[in-house]
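# sequence below, structure please.
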Amino acid sequence: MLDQTNLGMIAIYIKAAFRNILRHKDYSFISILGLAIGLASALSILLYVKSELSYDAYHLKKDRIYRLATKVANASFEGIAKVNGPWGPAALENIPEVEQMVRFVPAGQNLVSQGDKRFYENDGLYADPAVFEVFSFHLLSGNAEHALRLPNSVVINQKMALTYFGDLDPIGKSLEIENQPYLVTAIVRDIPENSHFRFSYLLSMGGLSNPLRDSWEQWNQFYTYLLLKENASPTMVADKFKALLPKHLEQRIAAGYTPFLQQLTSIHLHSNLFREINPNSDMLYIYIFSSIGFLILIISGINFINLSTARAAARGKEVGVRKTHGAAKRQLVAQYLTESILLSMVALAVATVLASLALPVFNALSGRHLSLDLLRDPTTIASFLAIATMVGILSGSYPAFLMASMKPSEVLKGKSASPRSVLRNILVITQFTLSAFLIIASVVIAKQLNYIQQKKLGFNPSQMITIPIRDDRMKTGYETIRQELLQNPAIADVSVSGTLPGGGDWGIPFEAEGIDPSQLPSMRVLAVDHHFIKAFQIELSKGRDFSSDFPSDTVAYIINEEAARQLGWADPIGKRISMQAIHRPLAPVVGVVKDFHFRSLHEKIGPVMFFIPSSSWFGVYTIRVQAGNAQDALKFLETKWSVFDPGHPFTYNFFDQDYGKLY
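Prediction:
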């Protein structure tokens with residue numbers, strides 16, 4: 001406990017410190033600003049790191065929620081985040097350690113309307129009724145137990161409720177999704193940003209109509225989450241599920257799967273599987289950012305210490321006079337430490353202001369919506385107060401003890417009280433070394449980003465506009481539509497396809513003539529028209545492109561060089577492939593394209609195959625526009641689309657921007 005005398009002394013030290021700070025305004029301003037910039041940088045980084053580490057932590061049962069994923073033998077990816085529809089129900093029914101199960105299936109982009117309000121929504125999910133039992137999504141109204149029991153029910157978030165219903169209560173009212181009526185049964189609070197997946201609405205899983213939804217072998221489109229019982233082992237659950245597979249799949253196929261569980265809170269930073277529900281971050285980035293923040297703090301702290309030690313000599317006579325008048329060593333040390341800590345606290349206050357001003361820019365760079373509200377956390381506040389105090393003590397300790405140790409007679413005779421040059425040299429060298437390291441690291445990062453932007457992908461993603469197909473007439477009449485679009489000089493080429501590079505490839509079982517099925521690589525598939533390869537400017541290395549001059553090309557194939565290597569074909573032209581799963585007989589390979597990055601640069605180029613499907617497979621138009629004519633092309637396309645498809649609003653994306661989201 002501090003007695004009255006000690007409190008009085010502390011007050012005197014603080015008053016004296018304020019007088020010294022105000023008396024030496026230039027020194028104080030430089031010291032405070034230098035430290036404040038370092039603290040503000042570290043504070044911004046801390047907010048980012050804290051946000052990243054908090055993903056999915058708001059779920060009350062987070063420690064017991066696991067995602068079911070699987071590795072696939074001979075696949076070009078480490079593992080896949082989605083599994084087949086029956087996997088989740090089978091785990092719940094057959095494994096005692098599983099308490100509950102929830103599956104999600106992305107609903108895609110849908111036209112949602114209510115009255116005269118019509119908008120496309122991209123963030124819908126089909127979900128099982130137990131979603132609110134497993135996850136802590138907060139319902140503002142409605143019954144959690146029955147919200148998704150009926151096939152035509154929908155749960156919407158606050159934003160959708162306001163958009164489509166305004167101030168009216170949506171519960172019990174109808175919302176049309178792709179011209180089908182759905183009953184609004186609940187309103188959920190907008191999902192926090194620190195969630196590894198988010199949604200604007202949920203549809204009942206009972207309303208998901210797909211002939212393969214109950215297939216154990218095909219259509220692995222279900223993100224499946226298991227709620228385990230207390231103290232259940234996720235490894236044991238995965239092993240038990242592995243043992244279930246041979247009961248529902250051929251032994252050969254079952255052996256190719258290795259199921260595993262991922263804890264909910266680890267997914268955002270520790271999972272980069274194929275087909276993640278949303279792009280995740282990486283724990284490596286947390287280590288990098290934390291290290292950068294720490295180094296910035298060290299640099300600003302050393303700068304603060306150097307300024308304090310440099311000023312020590314100028315205060316030698318002050319020390320001598322005060323010692324002559326009876327000041328004790330501990331009083332002098334306390335005085336100078338108080339002044340140093342006070343400067344640090346002022347710097348911390350300034351740093352908070354600087355960080356708040358810089359946050360909009362930092363958010364734009366990081367793609368987050370951080371705010372200083374995170375500082376309301378007592379742990380964060382205590383951490384930065386401790387950092388500021390530590391910097392103050394470290395920066396003030398050496399000059400304080402040095403000056404307090406000087407004999408009054410020596411100081412008054414003019415002997416220097418400046419600190420030893422060795423220590424100052426070490427501090428300066430350390431500061432410049434760390435600064436040089438950060439500058440070099442910044443240059444390396446800039447070059448990496450430039451590499452990603454400038455790297456030759458094997459195709460040309462620029463000047464490409466993609467338009468999703470909403471009406472079946474846009475599929476069956478695509479050749480006529482293509483010719484009509486090409487009449488505009490702003491449009492260079494037009495293609496229609498079912499999928500696009502950037503992760504839109506499919507996996508379809510196939511057979512290759514003369515190759516044992518067990519030796520086949522995991523082939524990815526792009527469903528395209530005759531003009532796709534030319535429109536994307538993908539280079540051929542052997543054979544020819546698809547051509548309407550060859551009617552048989554509707555059953556032929558084009559593969560990439562990696563596929564030829566993995567199939568062991570030195571000369572693939574004429575070799576035959578079939579896809580019996582979609583009723584395609586043996587047909588020849590007519591061309592080989594050079595390897596291209598049909599996924600991100602993070603992944604190795606795998607084998608890929610092109611084929612021309614029936615028009616019902618097509619889902620997107622890709623229009624290559626002439627350089628500099630994008631706006632003219634868009635005006636033309638919008639006018640034409642209102643004629644081609646008057647029932648749907650015109651929407652488009654720039655392909656290179658969508659592809660860039662992979663990073």
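
# going by C-alpha atoms from here, please, whenever you check contacts or count neighbours.
Fine.

# low-confidence regions, this protein specifically.
1-24, 76, 310-332, 374-377, 398-421, 423, 663 (pLDDT under 70).

# which helix or strand lies directly C-terminal to the longest helix along it?
What stands out as the longest helix in the chain, according to DSSP state H, is helix 329-366. Past helix 329-366, further along toward the C-terminus, the next helix or strand under DSSP states H and E is helix 378-405.

# in the longest helix of the chain, which residues are buried?
The neighbour-count check on helix 329-366 (16 or more other C-alpha atoms under 10 Å) flags 329, 332-348, 350-352, 354-356, 359, 362 as buried.

# same deal with stretch 472-486?
Within stretch 472-486, the residues that count as buried by 16+ other C-alpha under 10 Å are 474-475, 478, 481-482, 485.

# likewise stretch 122-141?
Buried positions in stretch 122-141, judged by neighbour count with 16+ other C-alpha under 10 Å: 123-132, 134-135, 137, 139, 141.

# residue 623 looks like it's in a strand, true?
Yes: under DSSP: H, G, I helix; E, B strand; the rest coil, residue 623 falls within a strand.

# that one and residue 462 touch, don't they?
No: judged on C-alpha atoms under 8 Å, residue 623 makes no contact with residue 462 at a distance of 10.7 Å.

# one step back: just the buried residues of stretch 122-141 now: which is nearest residue 207?
Distance ranking of the buried residues of stretch 122-141 against residue 207, using C-alpha to C-alpha, places residue 126 first at 8.1 Å.

# where exactly do the helices run in the stretch 501-650 of the chain?
In the stretch 501-650 of the chain, helices defined by DSSP state H, counting those that start in this stretch lie at 532-535, 561-567, 630-644, listed in chain order.

# among those helices, which is nearest residue 525?
Nearest of the helices of the stretch 501-650 of the chain to residue 525, taken as C-alpha to C-alpha: helix 561-567 at 11.0 Å.

# just give me the closest of the buried residues of stretch 122-141 to residue 657.
residue 123 (18.5 Å).

# so what's the closest residue in space to the closest one that isn't next to it in sequence up against?
Excluding the flanking residues, the one nearest residue 123 by C-alpha to C-alpha, 6 or more residues apart in numbering is residue 199, at 4.8 Å. Shown in contact with residue 199 (C-alpha atoms under 8 Å, 6 or more residues apart in numbering): 123-125, 157, 191.

# pretty sure residue 44 sits against residue 361.
No: applying C-alpha under 8 Å as the test, residue 44 and residue 361 come out as separate, 10.7 Å apart.

# quick one on the thing from earlier: in strands, which of the buried residues of stretch 122-141 appear?
With strands defined by DSSP state E, the entries of the buried residues of stretch 122-141 inside them are 124-127, 139, 141.

# can I get those in JSON lines including distance to residue 27?
Below are these laid out as JSON lines (distance: C-alpha to C-alpha, whole Å):
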{"residue": "124", "distance to residue 27": "58"}
{"residue": "125", "distance to residue 27": "59"}
{"residue": "126", "distance to residue 27": "63"}
{"residue": "127", "distance to residue 27": "62"}
{"residue": "139", "distance to residue 27": "56"}
{"residue": "141", "distance to residue 27": "59"}
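
# ok, the closest residue to residue 346 other than its chain neighbours to residue 397 distance?
Using C-alpha to C-alpha, 6+ apart and skipping the chain neighbours, the partner closest in space to residue 346 is residue 32 (6.9 Å). Distance from residue 32 to residue 397, counting by C-alpha to C-alpha, to the nearest Å: 17 Å.
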